[in-house]
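Student: what's the 3D shape of this:
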Amino acid sequence: DWLPPSFHGQLSTMLLLSSSDSLSQINELGAQNKPLLFAMLRSFLAFFSCYSELSFLSAIQDVISPTMAHWTAICSLTAAGNFHASQAFLPSSSVMILWRLSVANQLRDNHASSIFWGLVAVLAVGWPFCAVLFLSTGFWAVWKASGLGDSPPKKFQFGSVMQVLLRTALHAVFIQALV
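Tutor: Numbers count the residues shown, from 1 in each chain. Next up, the predicted model:
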């Protein structure tokens, strides 16, 4: 893995520090100072964007090749729109972040997480036409579950396909209830 070993520990520490007590302190501070709250929100979005990009590049390195991951990182580094959009409080930026997480999970053959991030993007962000981005994810998950995408192809597995579709429906209901 090309990520520094301390990165995972730092990420865990940051997530633990964002406990309910510290969130209530941030809420109280934000009620008094709206620009500070907005800056903190943008900082969180920038951090989440960095995490999604590192996850995406790591998946490319693991599944495709390290060279392709390096070229993707260079292209991403030189993309001014990607840099400016990473911390923007816009639906398109949130969808970009969630799309990278979805694709990273899809590359690692973790189809349930991939579909979950796609559902979060469509249902929680409130940008329904971004669902077109995630159609290929759904079709790929169904194709792999059917057994026809294996080498050599297996007999069609209806039960596995129904399991993927049912899990997707349950995730959608759960996310919609949270939003």
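Student: For K155, the count of nearby residues, please.
Tutor: If you count neighbours by other Cβ atoms under 10 Å, K155 ends up with 8. The C-beta positions use only the backbone N, C-alpha and C, and glycine is treated the same way.
Student: Look up phi and psi at it.
Tutor: phi -70, psi 150 (degrees, to the nearest 10).
Student: Identify the residue nearest it in space, chain neighbours excluded?
Tutor: G147 (6.4 Å; Cβ to Cβ, 6 or more residues apart in numbering).
Student: State the distance from that neighbour to G159.
Tutor: In this structure, G147 and G159 are 10 Å apart, going by Cβ to Cβ, to the nearest Å.
Student: In terms of neighbours, single out the busier of the two.
Tutor: Set G147 next to G159 and count neighbours by other Cβ under 10 Å: G147 wins out with 15 against 7.
Student: check contacts around that one.
Tutor: P153, K154, K155, F156, Q157, S160 (Cβ atoms under 8 Å, 6 or more residues apart in numbering).
Student: what's the answer for P91, then?
Tutor: With Cβ under 8 Å, 6+ apart, P91 has these contacts: V125, G126, W127, C130.
Student: With I115 instead?
Tutor: S102, F134, T137, G138, A141, V164, R167, T168, H171.
Student: Could you verify my assumption that the first one touches A131?
Tutor: Spelled out, it's S102. No. Checked against Cβ atoms under 8 Å, the pair S102 and A131 is beyond contact range at 11.8 Å.
Student: got any residues that touch both of those two?
Tutor: G118.
Student: These two: which is more packed in?
Tutor: S102 (26 against 15).
Student: Give me the nearest residue to the more buried one, chain neighbours excluded.
Tutor: Per Cβ to Cβ, 6+ apart, closest to S102 is W117, 3.9 Å.
Student: Please apply the same query to A172.
Tutor: L119 is the one closest to A172 (Cβ to Cβ, 6+ apart), at 5.4 Å.
Student: element containing the one you found, please.
Tutor: Element membership of L119, judged by DSSP states H and E, is helix 111-119.
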